[in-house]
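Enquirer: need coordinates for the below:
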Amino acid sequence: MSTVYPPPPTAYSLQLLSHQTGLSVAVATAGIWYNIGSSISVPKNGILKITIIGHISGGTGSVRIALTRGTTTYYITNFNGITSTASSPVILTLSTYGANIITLEIPVLGGDTLQFQVTNSSNYTVYIDDLTVILQ
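Expert: Numbers count the residues shown, from 1 in each chain. Now for the predicted structure:
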């Protein structure tokens, strides 16, 4: 008599939610956050792996994520990249010294929406050269 075991669980598959390249925003007013790229809808609960590569034409540029859950918007930030004003913590500070790269992971729920936003310390252009969002 042989014992029948359930099949092993299948490995979870990664889902590419967004890959955007060649994005830019010419900042008209310093310190104002501007949407960059397309918003991203999250189809199910999981963890997002986000990689951003960007640069700026001058000054100090910053990137943050506006995560909307229901009717509330949260700003995903990190205090490692603070611009000239301490009240504006950002996840990534961009410089003119070549490409800046950051990878982060954030837990999300199905129905969440993400919008990447940028700002600059003066009237310069902020570039997101490559943006990848993967759901696991």
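Enquirer: show me the shaky parts of the chain.
Expert: Low-confidence segments of the chain (pLDDT under 70): 1-12, 78-99.
Enquirer: that one: strands as residue ranges?
Expert: Using DSSP state E, the strands found in the chain span residues 15-26, 34-35, 40-41, 46-56, 61-69, 72-76, 92-94, 100-108, 113-120, 125-135.
Enquirer: using a markdown table, lay out these together with mean neighbour count.
Expert: For every residue, glycine as well, the C-beta is placed using N, CA and C. Below are the strands of the chain laid out as a markdown table (neighbours: other C-beta atoms under 10 Å):
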| stretch | mean neighbour count |
| --- | --- |
| strand 15-26 | 14 |
| strand 34-35 | 14 |
| strand 40-41 | 17 |
| strand 46-56 | 19 |
| strand 61-69 | 21 |
| strand 72-76 | 12 |
| strand 92-94 | 23 |
| strand 100-108 | 14 |
| strand 113-120 | 22 |
| strand 125-135 | 19 |
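Enquirer: I'd assumed residue 58 was in contact with residue 127.
Expert: No. Residue 127 lies out of contact with residue 58 (C-beta atoms under 8 Å); the separation is 11.5 Å.
Enquirer: straight-line length of stretch 40-49, end to end?
Expert: Start-to-end span of stretch 40-49 (C-alpha to C-alpha, to the nearest Å) is 13 Å.
Enquirer: how near is residue 41 to residue 122?
Expert: Note on residue 41: its distance to residue 122, by C-beta to C-beta, to the nearest Å, is 33 Å.
Enquirer: how about residue 58?
Expert: 7 Å.
Enquirer: repeat that for residue 129.
Expert: Taking C-beta to C-beta, one finds residue 129 at 20 Å from residue 122.
Enquirer: residues touching residue 14, list them.
Expert: By C-beta atoms under 8 Å, 6 or more residues apart in numbering, residue 14 lies in contact with 134, 135, 136.
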